[in-house]
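>>> Sequence plus the predicted model coming up.
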Amino acid sequence: MKTSRRSFIKNSAVLLAGTSLLPNAAFAAAKASEIIGLQLYSVRDEMKKDPVGTLTQLAGFGYKHVEHANYIDRKFYGFTAKEFKKVLGDLGLKMTAGHTVLGKNHWDDSKKEFTDAWKYTVEDAATLEQLYVVSPWMDESMRKTYDDLVRYMEVFNLCGELCQKSGMKFGYHNHDFEFGEELNGMKIFDIMMKKLDVNKVVMQLDIGNMYIGGAKALDVIGQYPGKFEMIHVKDEIAVGTTGKYESAILGKGIIPVKEVLDICRKSGGTKVFIIEQEAYQDKAPMACMKENFDIMKKWGYK
């Protein structure tokens, strides 16, 4: 996970807080119920400069589903929910999911309810006809102690109930710390999997981020079969001899991406596959997104 992406998520959270209120042969081929999409942070600069033009190009590549990473002052990439829904619809695109941080400031513990700002987040997501509202970060203040984490997992479950009222699901997207940090002798990820109500909250497993945290997707999916309705499809490459990693075109790095996807399809319970690439190794981001989509098609995901 690159620092720029983490900073982007944190900054977005601050801005939001300040708003006004089967058999082998069967799973080898793509299933009609599967969704293949793109996390728009992958083309963040392009979306900032020309969101409509960028989305038009992505639709031309064959993408039909996208996941946003920009919701500020009740607008998506500068458009209201109704406006953006029309933009997407005119291009034959659907906003399957969206990343908006659920912070501790969005829960009023004295009233035992969510703030207006967060209620608007869910309302606007419903207007876009999202299937999932995904929080892509958890502030350190929410996980200082085991009890802190458990308390906020209860809030996550309540958010799942809130989203269900609008026909959606709440989700959480992992980074690396969930696998690299422990509380009471347990990895944060394992605590979350134990405390979250899977009927209300979906864990969006990022198969690249977790590697950086010292975990392997194949092992985790085997540990929690059927628990990963949606995943972030990502590959990672080493950056020189620094011991750090950055994302890359699928199949070009150290993650056995196709093997992971096939296991997700077979036993992970996965229906939504969201491509994400945050670094490009001197290639044009849009060219990378076309190549990623073509690779997914070649692997039988389309």
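That came in fine, so what should we check first? Numbering: from 1, shown residues only.

>>> quick one: Ser247 from Ser42, how far?
9 Å (CB to CB, to the nearest Å). Heads up, the C-betas are built off the backbone N, CA and C, glycines and all.

>>> Could you list the low-confidence segments of the stretch 1-150 of the chain?
1-32 (pLDDT under 70).

>>> what ranges do the strands span in it?
Using DSSP state E, counting those that start in this stretch, the strands of the stretch 1-150 of the chain run over 35-39, 65-68, 71-72, 75-76, 94-99, 107-108, 113-114, 132-135.

>>> Listing partners with orientation, what would you give for the fifth one?
Taking DSSP bridges as the criterion, strand 94-99 sits next to strand 65-68 (parallel), strand 132-135 (parallel) in its sheet.

>>> In PDB, list the C-alpha atoms belonging to the last one.
Included here for strand 132-135 are C-alpha records, laid out as PDB according to Å, rounded to 0.1, in the frame of the first residue of the first chain:
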ATOM      1  CA  TYR A 132     -21.800  -1.900  -1.100                       C
ATOM      2  CA  VAL A 133     -20.600   1.000   1.000                       C
ATOM      3  CA  VAL A 134     -17.000   0.200   1.900                       C
ATOM      4  CA  SER A 135     -14.800   1.900   4.500                       C
END
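
>>> Now tell me what touches it from outside.
If you take CB atoms under 8 Å, 6 or more residues apart in numbering as the criterion, strand 132-135 is touched by 67, 96-102, 121-122, 125, 156, 159, 163, 168-173, 202, 204, 230, 272.

>>> Work out the gap between that strand and the centre of the chain.
The chain centre lies 7 Å from the centre of strand 132-135; the measure is CA atoms, centre = their mean, to the nearest Å.

>>> oh, and call the first residue 2 from now on, that's how I've got it
From this message on, residue numbering opens at 2, which makes the last subject strand 133-136.

>>> those helices in the protein, which residues are they?
For the chain, applying DSSP state H gives helices covering 4-18, 25-29, 45-50, 52-62, 82-91, 117-128, 147-165, 178-181, 189-196, 210-213, 218-224, 258-264, 286-299.

>>> Of those helices, which stretch is the most buried?
Highest mean neighbour count of those: helix 210-213, a mean of 22 (counted as mean count of other CB atoms under 10 Å).

>>> which residues touch it?
Under CB under 8 Å, 6+ apart, the answer for helix 210-213 is 2, 175-177, 179-180, 190, 217-218, 221, 233, 235, 237, 246, 255-256.

>>> quick one: that helix to chain centroid distance?
Here the centre of helix 210-213 is set off from its chain's centre by 14 Å, with CA atoms, centre = their mean.

>>> Stretch 133-142 now?
The answer for stretch 133-142 is 10 Å, by CA atoms, centre = their mean.

>>> buried set for it?
133-139 (16 or more other CB atoms under 10 Å).

>>> Closest one to Glu47 out of the residues you listed, please.
Within the buried residues of stretch 133-142, distances to Glu47 taken as CB to CB reach their minimum at Pro137, with 19.6 Å.

>>> The closest one and Val53: what is the separation?
24 Å.

>>> try Asp263
Applying CB to CB, the value for Asp263 to Val53 is 35 Å.

>>> So for stretch 178-190, first residue to last residue, what's the gap.
One end of stretch 178-190 sits 8 Å from the other (CA to CA, to the nearest Å).

>>> How about stretch 262-273?
End residues of stretch 262-273 are separated by 11 Å (CA to CA).
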